[in-house]
Structure formats: structure tokens, C-alpha cells
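Enquirer: quick one: sequence plus predicted model below, questions after.
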Amino acid sequence: MEAQAKRKVMLSGIQPSGDLHLGNYLGAIQNWRDRAEEFDCYYFMADLHTITVRQTPADLRRRTLEQLAQYIACGLDPERNTLFIQSHVPQHAQLGWVLNCFTMFGELSRMTQFKDKSAKHGDNVNGGLFTYPALMAADILLYQPDYVPVGEDQKQHVELTRNIVQRFNGIYGEVFRMPEPYIPKAGARIMGLTAPDSKMSKSAPEGCVFLMERPEDIQRKFKRAVTDSDTERCVRYDPAAKPGVSNLMNIYSAVTGKDYAQIEREFDGQGYGAFKPAVGDAVIEALRPIREEAERILKDKAYLEQVYRTGAQRAGYVADKTLCKVYRKVGFVAL
Ligand code: TRP
């Protein structure tokens, strides 16, 4: 018990607003999987966050369960990680409200994700979109994590969470542990296949390889991947001069375990024409067991339900301890 209590805590979430893709897997989930020994890990489907943008109810429900099945298929063992659905743990919304009252209008106005999303969805700039970072802070702080693994784009929200901790603890004492963003090192940032200057994203589907995609579609995307217009046309790692090829090398390295020097040797004297389908094949083989396992799990509704029920129970237990403490500190009458 004592030893367990000392384990560091890690937490992260992904919104089930789109299908998981290779960037999520190589950039996030794979790293999460490898942390299960070392940390107490909490991973959740951030469904509360998705409705800041309109969703089709049936799609949201389906994608939430698919995402859970895919987490497990990617190697996140539900016995060793707490996997749960955010809306199953009401303390997120409850602490979210409290933290809204400790987050400043000016801070929220400076969030780049808010600026981007409100520009993109100009007809639906709702309050939830604006206060989203306070809910995200609640997601994090309920579990008192040491580390929050996030991509670059979410770093600003973790920084804001840290400001909230400072403000809240400054008034009420040491209630929240100060979380650190945990930005995975190289190999993690997978760029789009059609535009290697921006992160792989579902909003550019031709440059994005989804975990559940059919092999022939994956291969087509790799064959059409943008390579670079430099004249040497050889496989060499140089992200500045050759962002397209370097991204493909990064992907190839991540799925095969080969380093860049090995890859350069392997394709020495061959052009991009041989390299691109080889990357496609390697990705297809890496994703095949994940896809098959996810499909199998998805059919087992009883198992999935047992996983998210257990997850909600475990998460809820920890979350409630934090929430009760917060309620007491701010002066609410205990029931
Ligand atoms: N905001 C994150 C995203 O859009 C998802 C998220 C919600 C999250 N709550 C979180 C990530 C808490 C880490 C920790 O990708």
C-alpha cells in the first residue's frame, strides 16, 4: 500500500470527436502504454469537451466506445491503467464549475485554441468553448497528477492549470498538486502526409492514417505522401530541408524500431518510389493487430461495459476525495 501511494500519477485524455489516427498512436498512446509500470495512469475519453462543438449523438456514442476499444487494442491494459469515460465521473463537471470561478476572463481570452475554434465555428461561439480550459483543469486536478502528457497544442492549457493551482492554493492552502506538462521527446510529432509542415490531423484526411483504416487505403495515402522537391531525391534525415521524407522516416523508425542511419542504408541508391510503399507496408503491419483486436473488443459489449464501469468506479473514488476537499475548503456545507 505504502509503495503504491508513492507512485507518480499521470493523466491524459483525448476527445472522441474524431477517429484515432497514427499521430495519436505514435505521438501519445504508445508512450502512455510504456508508462504503466512506472506510474499510476488515468486515461479518459473527453466526451464532455466534444460538445463545445456540435456533435451527432449517435456518432459521439459510437466513437467514444471505439476509442476505448482502440486504447485497449493499442496496449493500454485496463488492469494496469484506469480507463474511463469523462461523463461517467460527475466530479469533472462539479470541479469544473468551481474552477471556472478561479479562472479569469482575460486568461481564457488568450487561449489560442479558443481563438482558433471560435474563428472556425463562428456560428457557435458558446460559453463552453470559452470555459473549456477550466474543465480541463478540473480533469487534471481531480487526480492530483505529477505529469500530464500532452501535445504542444495543449501546453497552454496545462500552463493555465498551473496558474489556477497557484491561485487556489494561495487562498486555501495546499489543495492541489502542481502538475507538469510531459511533452514526449523526438519521434513523437507525426506530421500530415500531404502537408508535412503541420501535425497529422483528421481535418486533413488524405494526409491522415486512421487506426481502423483498410490496408489498401493506408497504402494509397503513403504512395501519395508529399516528398520533397530537392534534387538529390535520396532518403536522408533532414527535417529542415526535407520535411516530407524526414516525417516518413520518423514514422518508419517508430513502427520498425530502426534508427535513421539504418534506414538511410536500407534505401541507399533507391528513390522515394521504393521508400514510400515500404513505409506504407510497415505501418499496415504495425496497425493490423491493433485493428483486429479493436474490432474483436468492440463486438464484446459486455467486456467493454465492464471496463468502463470499473474505470468510472476507480476514477470516481479518487475524484471524489479531491472534490470533497475542495468543497470543504471553499465553504460548502457537507451533506
Ligand atoms: N483538451 C485536450 C485536447 O483537445 C483533451 C483533454 C481534455 C485533456 N482534458 C484533458 C488532455 C486533460 C489532457 C488532460 O486534446
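Expert: Ah, there it is.

Enquirer: quick one, what contacts residue 248?
Expert: 193, 222, 225, 227, 275-276, 279 (Cβ atoms under 8 Å, 6 or more residues apart in numbering). All C-beta spots, glycine's among them, are computed from the backbone N, C-alpha and C.

Enquirer: meant to ask about residue 13
Expert: Shown in contact with residue 13 (Cβ under 8 Å, 6+ apart): 43-46, 49, 86, 139.

Enquirer: widest-spaced pair of those?
Expert: 43 and 49 (14.2 Å; Cβ to Cβ).

Enquirer: of these two, who's got more company?
Expert: residue 43 (25 against 21; other Cβ atoms under 10 Å).

Enquirer: the more buried one reaches residue 81, doesn't it?
Expert: Yes. Contact criterion Cβ atoms under 8 Å: residue 43 and residue 81 qualify, at 6.0 Å.

Enquirer: what touches both of the two?
Expert: residue 32.

Enquirer: closest to residue 58 among the contacts of residue 248?
Expert: Of these, the one sitting nearest to residue 58 (Cβ to Cβ) turns out to be residue 193, at 29.5 Å.

Enquirer: what does the stretch 51-200 of the chain have sitting close to the ligand?
Expert: Applying Cβ under 6 Å from any ligand atom, we find that the stretch 51-200 of the chain lies next to the ligand at 136, 139-140, 148, 150, 154.

Enquirer: and these, which of them are in helices?
Expert: Assigned to helices by DSSP state H, the following of those qualify: 136, 139-140.

Enquirer: what's the burial count for the nearest residue to residue 215 once chain neighbours are set aside?
Expert: Excluding the flanking residues, the one nearest residue 215 by Cβ to Cβ, 6 or more residues apart in numbering is residue 284, at 4.6 Å. Residues near residue 284, counting by other Cβ under 10 Å, number 21.

Enquirer: residue 284 reaches residue 214, doesn't it?
Expert: No. With contact defined as Cβ under 8 Å, residue 284 does not reach residue 214; the gap is 9.3 Å.

Enquirer: show me the shaky parts of the stretch 1-150 of the chain.
Expert: The stretch 1-150 of the chain contains residues with pLDDT under 70 at 1-5.

Enquirer: can we see that at 80?
Expert: Counting by pLDDT under 80, the stretch 1-150 of the chain contains low-confidence ranges at 1-6.

Enquirer: can you tell me how far residue 191 is from residue 34?
Expert: 22 Å (Cβ to Cβ, to the nearest Å).

Enquirer: which of these two has more neighbours?
Expert: A direct count of neighbours by other Cβ under 10 Å for residue 191 and residue 34 places residue 191 higher, at 23 against 10.

Enquirer: what sits against that one?
Expert: 197-200, 243, 247.

Enquirer: what is the nearest of those residues to residue 182?
Expert: Among the contacts of residue 191, residue 199 lies closest to residue 182 (Cβ to Cβ), at 17.6 Å.

Enquirer: look up phi and psi at the closest one.
Expert: phi -50, psi 140 (degrees, to the nearest 10).

Enquirer: burial count for it?
Expert: Considering only other Cβ under 10 Å, residue 199 is surrounded by 17 other residues.

Enquirer: can you check the one 4 residues further on too?
Expert: Counted by other Cβ under 10 Å, the residues lying close to residue 203 total 10.

Enquirer: just residue 324 next, same as before
Expert: Counted with other Cβ under 10 Å, residue 324 comes out at 14.

Enquirer: for it, what are phi and psi?
Expert: Dihedral angles (degrees, to the nearest 10) for residue 324: phi -60, psi -40.

Enquirer: need the contact list for it.
Expert: residue 334.

Enquirer: cool, thanks, signing off.
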